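Trainee: model the structure of this input:
(one chain, ligands or ions: 1)
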Amino acid sequence: MALIITAKKCIGCGICVQACPVDALEIVNGISVVDEEKCIKCGKCVRVCPTSAIELEGYIKPKDTKPKKVISAEEANMSCSGVWVLIEQSNGEAAEVSWELIGEARKLADKLSTEVAGVVLGENVDKIIPDCFAYGADTVYVVDNPVLKDYRTEPYSQSLSKLIKEYSPEVVLMGATTLGRDLAGHTATLVNTGLTADCTELSIEEETRLLRQTRPAFGGNVMATIVCADHRPQMATVRPKVMEMPVKKPGRAGKVVREELEMKEEEVLTKILEKISEKSGAVYLDKADVIVAAGKGIGTKENMKLVEDLAEVLGGTIGASRAAVEAGWIDVSHQVGQTGFTVRPKLYISVGISGAIQHLVGMQTSDVIIAINCDENAPIFNIADYGIVGDFQVILPKLTEAFRKKLGS
Ligand SMILES: Cc1cc2nc3c(=O)[nH]c(=O)nc-3n(C[C@H](O)[C@H](O)[C@H](O)COP(=O)(O)OP(=O)(O)OC[C@H]3O[C@@H](n4cnc5c(N)ncnc54)[C@H](O)[C@@H]3O)c2cc1C
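Mentor: Below you'll find the model as predicted:
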């Protein structure tokens, strides 16, 4: 089996180079060239090549990867309906972000006078269905198949794109998690629509029914509002903890629609050979109720002890700004912000953090924010509920002691 690149057809766009998982392709003099030694003949480049310039001997390009037809916005508003949410699950346990998005979908759907649907993909996933209704879905689409037991891009995106083509939703939302980010991008290309990743705000423009998708851009210096005017569905991913958790109403019911998966296990290129569980002691910042976060202002790694003491007394978790992570005082798994975790604890105490926008986008929806900073003009005070102006080395031991007495911990 060899990879054949027809130079006349190749336009040197580089899409194949980006798609290649083993860096076997490069553009030389405007034409894609393959390194046969590195090539694993996976066929990814064949599938993505827009001009069909790449062929793999014996490989048949999967049918139905292109949409049946491209829908214009005008047409779309007539023929598409429903706000869908992918209910991300692992071993039958739904990720909380899915419920947050069902809550958000409810608000959008009410503006559009349409329904909310949850999409559940996996194996033995029926136990999730009642919760979908309880959190606000009117309909649940289910594809239950052993091939979907563990997440893999191909069968999941095939299932989701098939549902989208068949039922034409107006909006599709997913969590900006590792799974959601992968699935959303792949599915959007299969159904030929746009995708806005990492949204922090969603709303509906009522006259046009367009979904206004807002996200930080240019390193967080501006908030960009993006619309997908010409294609449907309008797709967006949203980070966990950005949207509010809706109230659960057990006993609420709705319609269940079941669909089959056409893909067979033999057709899936990716195989799961082994699963390695996360090491214990991993930081679950996005689930913490109390976070004490350290910034560059703490000055040295040794001073982290003062932050840890306060976190311990409060039963909290340690967070950090990127500057503290880059200084090597703490691991990146503790980073809060645009390139770290988005958190929404009940209490966020920031210590020696200035309040750069890239940090704020990750924590500004915390219930109560206490900022400790020696500069009274630090921007963190603009969003803090309580501000303490002063040296953290003086303040932290006093706070820790006071909480210890109060909480008896
Ligand atoms: C594309 C991009 C993505 C980014 N992503 C992130 C991200 O995810 N998370 C993130 O945090 N940043 C991120 N950043 C970096 C961000 O712009 C800031 O540089 C960073 O947040 C600053 O961290 P800091 O507040 O700890 O440090 P500084 O801005 O240096 O602030 C230190 C603060 O400590 C105070 N201070 C000093 N001494 C004391 C003392 N003794 N007692 C009390 N206060 C004291 C100072 O007054 C100052 O306000 C990103 C930047 C870019 C360009």
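
Trainee: separation between the residue nearest to C20 when sequence neighbours are not counted and S98?
Mentor: Closest residue to C20 apart from its sequence neighbours, by CB to CB, 6 or more residues apart in numbering: C45 at 5.8 Å. Every C-beta, even on glycine, is put in place using the N, C-alpha and C of the backbone. Here the criterion is CB to CB, to the nearest Å. By it, C45 lies 33 Å from S98.

Trainee: what pLDDT does the residue most central in space within the chain get?
Mentor: Centroid-nearest residue in the chain, with CA atoms, centre = their mean: A176, separated by 0.5 Å. For A176, the pLDDT comes out at 93.

Trainee: for N382, same thing?
Mentor: Looking at N382, its pLDDT is 96.

Trainee: now the closest residue to it other than its chain neighbours, what's its secondary structure?
Mentor: Excluding its sequence neighbours, the residue lying closest to N382 (CB to CB, 6+ apart) is G355, at 6.9 Å. Secondary structure, DSSP: H, G, I helix; E, B strand; the rest coil: G355 is coil.

Trainee: and A236, how many residues sit next to it?
Mentor: Each residue near A236 was counted by other CB atoms under 10 Å, and the total is 27.

Trainee: so what's it bridging to?
Mentor: Applying DSSP bridges to A236 gives these bridge partners: L173, T196.

Trainee: and it, how far from the ligand?
Mentor: A236 sits 20 Å away from the ligand, going by CB to the nearest ligand atom, to the nearest Å.

Trainee: list the contacts of the residue in the stretch 51-200 of the chain that the ligand sits nearest to.
Mentor: The ligand sits closest to D198 of the stretch 51-200 of the chain, with a gap of 11.7 Å, by CB to the nearest ligand atom. Applying CB atoms under 8 Å, 6 or more residues apart in numbering to D198 gives the contacts A176, R215, P216, T237, V238, R239.

Trainee: by pLDDT, rank the residues you listed and give me the bottom one.
Mentor: Lowest pLDDT among the contacts of D198: P216, with 82.

Trainee: need the next SSE after the helix or strand encompassing that residue, C-terminal direction.
Mentor: Assigned by DSSP states H and E, P216 belongs to strand 210-217. Using DSSP H and E, the helix or strand that follows strand 210-217 in sequence is strand 222-226.

Trainee: can you give the contact residues for that next one?
Mentor: G194, T196, T200, E201, R212, Q213, T214, R215, P216, A217.

Trainee: most neighbours of all these, which one?
Mentor: Neighbour-wise, the contacts of strand 222-226 (other CB under 10 Å) top out at Q213, 27 neighbours.

Trainee: so that residue makes contact with L195?
Mentor: No: with contacts counted by CB atoms under 8 Å, Q213 stays clear of L195, the gap being 9.2 Å.

Trainee: residue ranges with poor pLDDT in the stretch 1-150 of the chain?
Mentor: 59-78 (pLDDT under 70).

Trainee: just to check, V83 is in contact with A117?
Mentor: Yes: using CB under 8 Å, V83 is in contact with A117, at 7.3 Å.

Trainee: residues making contact with the strand or helix carrying A371?
Mentor: Assigned by DSSP H and E, A371 belongs to strand 368-373. Here strand 368-373 makes contact (CB under 8 Å, 6+ apart) with 297, 346-355, 363, 378, 380-381, 383-390, 392, 395-396.

Trainee: whatever helix or strand comes next after it: which residues count as buried?
Mentor: Per DSSP H and E, the first helix or strand lying C-terminal to strand 368-373 is helix 380-383. Going by neighbour count (16 or more other CB atoms under 10 Å), the buried part of helix 380-383 is I380, F381, I383.

Trainee: partners of the closest residue to the second one other than its chain neighbours in the sheet?
Mentor: Leaving aside its sequence neighbours, F381 sits nearest to G387 (CB to CB, 6+ apart; 4.5 Å). G387 has the following beta-bridge partners by DSSP bridges: A371.

Trainee: gap between G387 and T317?
Mentor: As judged by CB to CB, G387 and T317 stand 22 Å apart.

Trainee: likewise for G337?
Mentor: Here the criterion is CB to CB. By it, G337 lies 15 Å from T317.
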